[in-house]
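Peer 1: Provide a 3D model corresponding to the input given below.
(2 chains)
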Amino acid sequence: MSQEEGRAHRPKRTIMNVFAIFAARVTDALVRLYPSVSQEALARIVVEPPRDAGHGDLSTNAAMLVARPLGRNPREVALALVEHFRADADVAAVEVAGPGFINFRLATPIWHAALRSVAERGGDYGRSDVGRGERVNVEYVSANPTGPMHVGHTRGAVFGDALASLMAFSGYEVTREYYINDAGSQIDTLARSTLLRYREALGESIEIPSGFYPGDYLIPVGRALAGEFGETLRAMPEAEALPLVKDRALAAMMDLIRADLAKLNIHHDVFFSERQLHGPGGDVELTLNWLREQGMVYQGRLEPPKGKTPDEWEDREQTLFRATQYGDDIDRPLVKSNGQYTYFAADIAYHRNKYLRGFNHMVNVLGADHSGYVKRLEAAVNAISHGEAEIDVRICQLVRLMKNGEPFKMSKRSGDLVTLADVVEEVGSDAVRFMLLYRRNDAAMDFDFAVVKEQSRDNPVFYVQYAHARTYSIFRKVAEEMPALDASAAALAEADLSRLASEADLELIRALAQWPRIVASAASAHEPHRVAFYLYELAAAFHGFWAKGNQDVALRFVNADDSKLTLARLALVAAVRQVLVNGLSLLGVSAPEELS
RNA sequence: GACCCCGUAGCUCAGCAGGAUAGAGCGCAGGAUUCCUAAUCCUGAGGCCGCGCGUUCGAAUCGCGCCGGGGUCACCA
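Peer 2: This is a model prediction of the structure:
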């Protein structure tokens, strides 16, 4: 920031985050005026655009926050700040309003400097260091490798992917990770189901018993086994054949899942196998020993849950993790009655593994059916890191699939599951992604095929993409009408931005200037939907500007008789395009040059 | 019985590390194109922010208690 400050009087000044700069100036001023002001109060200061544009460009609550601890009157503090900022060349007007807000109207050149920085930083405009280079592990999808992905997984997949991009853009060193649950009994079921398909491929007529996976997707796996092994597997005892089948079935399922994810342009850095945690000397064993040494494990009994008594409740002594010491509601079993480790035991080991790999920040994206698991995970991470690591578990609520208002079944038990691939094929990756990200992750949502497919105003993705396409059509128009005009990036960089002086111009520039603070706040709050909403608003501002050209020729982007103005407007259009591209790319949505 | 999410315009949802007169889209009523894509724009109507109490200069936002909807609840993953 001081770097940018230092350039205050150079002719080609650029400023990326106006709001951050003024927050710093306000803080500095307060420290100078009131040396005893507390850091705590300063940290809560917000500089943001006021809701009502009539109040100015920027507004801060600084005086109201600081006054009380200083034993002063908010208006008195505000007036002192106002006095201070009258000397600031970037401030055109500053005043106290309401209970002690300070409203700034900024001098036009600072907005032009903000606009210039969009082109200067290009794809990096909005990039920040809020993550300070810290490593974060974002675990998402982690669907069981027993079949293709269904729609239920899609939301978490898209959310996790966008969040990872967002955090990477905001200065975190991000690892995208997928935890393969390949150690449980369902994998045995998968192997048995595949074995049936293998026998089928050899000509047997088979029936899939209930409790097995009936899906057609195992047929090719069975065929491949027949090709590889011929009759050999059939001749073996099942116990011998199953491990061979298991490995191949698993590999096939993961290929399937990776292919599904690729349809949404989702790629992980690490696929972490649960199986590698098990076995003698494995992480689970090591972790349990460690937990025992720490006194975090004991033998004890659990009360059955009230209200809902499980049918086969067996009151027995078991190995428990002291989760309650770390904020959970009850202590959690680590060993099943058959002597195997619980899923949770392996998960503790897995998260300790993450921690030992150097991740002090972890994000897990889970489905709504795991909401009861959150406290347990938090407790585990707290325990294994002695409070040094933090985990944020983001729950993606249910997506109700609809078609013209009619609910769609998507249960895995009933045969008619809707797969992720079906959805992407039907509505396209862009629409799926944007629609899912245009909603907070923790609110349940309806996803109506008919609406999402329709390229209409109901569908925000097309609205935003259309804005992007419009930036191209403007440049096409210029090439046609003003062939002599050099509209290259180099020429735009030299444009006389002072020509962008109308309220409409400044309004659009202010919208662009918001991007850095929006993206930074979205990253630190782990809320990608803020990006989607911002893009919608930016698109609206741009469409609105466009329409003003219909009323007022002076507000058109292309003015054949004023090449200087046209050039400045093109610089503005290029900046809008840049921000749309930056935002859409974080969301994993394409930015087409035209909509067909 | 316990825990987690949600409750804001007719509908779908933003806004919630407290801030000024609570927003958008759809729908409804009306308007805009000799001109860069009308896949757009403009205007209007429409609100006890589920209810109550509390915290304070100030609450849709924070706390407690209700009500309603969804999810979950040893040894599945």
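Peer 1: for RNA strand B, what are the nearby residues on the stretch 351-500 of chain A?
Peer 2: Residues of the stretch 351-500 of chain A lying close to RNA strand B (Cβ under 7 Å from any atom of the strand) are A:368-375, A:395, A:397-398, A:439-440, A:442-446, A:455-458, A:462-463, A:466, A:469-470, A:473-474, A:476-477. Every C-beta, even on glycine, is put in place using the N, C-alpha and C of the backbone.
Peer 1: Buried subset of these as a PyMOL selection?
Peer 2: The buried subset of those, as determined by 16 or more other Cβ atoms under 10 Å, is captured in PyMOL by this line:
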select buried, chain A and resi 368+370+373+374+375+395+397+398+439+445+455+462+463+466+469+470+474
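Peer 1: The residues of the stretch 351-500 of chain A next to RNA strand B in helices, which ones?
Peer 2: Counted as lying in helices by DSSP state H, out of these, are A:374-375, A:462-463, A:466, A:469-470, A:473-474, A:476-477.
Peer 1: wait, which of the residues you listed is closest to A:Lys306?
Peer 2: A:Lys375 (18.0 Å; Cβ to Cβ).
Peer 1: contacting residues for the nearest residue to that closest one once chain neighbours are set aside?
Peer 2: Setting aside the residues directly before and after it, A:Lys375 is nearest to A:Asp328 in space (Cβ to Cβ, 6 or more residues apart in numbering), at 4.5 Å. With contact set as Cβ atoms under 8 Å, 6 or more residues apart in numbering, A:Asp328 has these partners: A:375-376, A:378-379.
Peer 1: which element is the residue most central in space within chain A on?
Peer 2: The centroid of chain A falls nearest to A:Leu163 when counting by Cα atoms, centre = their mean (2.0 Å). Taking DSSP states H and E as the criterion, A:Leu163 maps to helix A:151-169.
Peer 1: Restrict that helix to CA atoms and write it as PDB.
Peer 2: What follows is helix A:151-169, C-alpha atoms only, in PDB (Å, rounded to 0.1, in the frame of the first residue of the first chain):
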ATOM      1  CA  VAL A 151     -26.200 -34.700  -8.600                       C
ATOM      2  CA  GLY A 152     -26.000 -34.700  -4.800                       C
ATOM      3  CA  HIS A 153     -22.200 -34.400  -5.100                       C
ATOM      4  CA  THR A 154     -22.200 -31.700  -7.600                       C
ATOM      5  CA  ARG A 155     -22.800 -28.800  -5.300                       C
ATOM      6  CA  GLY A 156     -19.900 -29.600  -3.100                       C
ATOM      7  CA  ALA A 157     -17.700 -30.300  -6.000                       C
ATOM      8  CA  VAL A 158     -18.400 -26.900  -7.600                       C
ATOM      9  CA  PHE A 159     -18.300 -25.100  -4.300                       C
ATOM     10  CA  GLY A 160     -15.000 -26.600  -3.200                       C
ATOM     11  CA  ASP A 161     -13.400 -25.900  -6.600                       C
ATOM     12  CA  ALA A 162     -14.400 -22.300  -6.700                       C
ATOM     13  CA  LEU A 163     -13.400 -21.800  -3.100                       C
ATOM     14  CA  ALA A 164     -10.000 -23.200  -3.800                       C
ATOM     15  CA  SER A 165      -9.500 -20.900  -6.800                       C
ATOM     16  CA  LEU A 166     -10.700 -18.000  -4.700                       C
ATOM     17  CA  MET A 167      -8.200 -18.700  -1.900                       C
ATOM     18  CA  ALA A 168      -5.400 -19.300  -4.300                       C
ATOM     19  CA  PHE A 169      -6.200 -15.900  -5.900                       C
END
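Peer 1: Show me where the stretch 1-150 of chain A dips below the pLDDT cut-off.
Peer 2: The model of the stretch 1-150 of chain A has pLDDT under 70 over residues A:1-11.
Peer 1: what about the strands in it?
Peer 2: A:47-48, A:58-60, A:91-97, A:101-106, A:135-139 (DSSP state E, counting those that start in this stretch).
Peer 1: So which elements touch the longest one?
Peer 2: Same thing as strand A:91-97. Secondary-structure packing of strand A:91-97 (3 or more Cβ pairs under 8 Å, 6 or more residues apart in numbering; DSSP states H and E): helix A:74-85, strand A:101-106.
Peer 1: Tell me which of these sits nearest to RNA strand B.
Peer 2: Nearest to RNA strand B, of all those, is strand A:101-106, at 3.6 Å by Cβ to the nearest atom of the strand.
Peer 1: Can you check what angle separates the closest one from strand A:91-97?
Peer 2: On the basis of axes from the mean of the first three to the mean of the last three Cα atoms, to 10 degrees, strand A:101-106 is oriented at 160 degrees to strand A:91-97.
Peer 1: hmm, strand A:101-106 touching RNA strand B?
Peer 2: Yes: Strand A:101-106 reaches RNA strand B (Cβ under 7 Å from any atom of the strand) through A:101, A:103.
Peer 1: what does that strand contact?
Peer 2: A:18, A:22, A:26, A:50, A:55-64, A:78, A:81-82, A:85, A:90-97.
Peer 1: repeat that for 7 Å
Peer 2: Residues from elsewhere that reach strand A:101-106 (Cβ atoms under 7 Å, 6 or more residues apart in numbering): A:22, A:50, A:55-63, A:78, A:81-82, A:85, A:90-97.
Peer 1: and RNA strand B, which of those reach it?
Peer 2: Answer for those near RNA strand B (Cβ under 7 Å from any atom of the strand): A:50, A:55, A:59, A:61, A:97.
Peer 1: Verify the contact between the third one and A:Ala53 for me.
Peer 2: No: the pair A:Ser59 / A:Ala53 is not scored as a contact, 10.5 Å apart, by Cβ atoms under 7 Å.
Peer 1: out of the two, which sits in the more crowded spot?
Peer 2: Shown here are A:Ser59 and A:Ala53; by other Cβ atoms under 10 Å, A:Ser59 has more neighbours (21 against 11).
Peer 1: check contacts around that one.
Peer 2: By Cβ under 7 Å, 6+ apart, the contact set of A:Ser59 is A:48-50, A:101-103.
Peer 1: any idea which of the residues you listed is closest to A:Gly122?
Peer 2: For these, the minimum distance to A:Gly122 (Cβ to Cβ) is 24.2 Å, reached by A:Pro49.
Peer 1: can you pull the contacts of that closest one?
Peer 2: Counting by Cβ under 7 Å, 6+ apart, A:Pro49 makes contact with A:57-59.
Peer 1: got it, and A:Ser563?
Peer 2: A:Ser563 sits next to A:482, A:485 when contact means Cβ under 7 Å, 6+ apart.
Peer 1: Enumerate the residues of the stretch 1-150 of chain A near RNA strand B.
Peer 2: Contact residues, the stretch 1-150 of chain A versus RNA strand B (Cβ under 7 Å from any atom of the strand): A:44, A:46, A:50-52, A:54-55, A:59, A:61, A:64-65, A:68, A:97-101, A:103, A:144.
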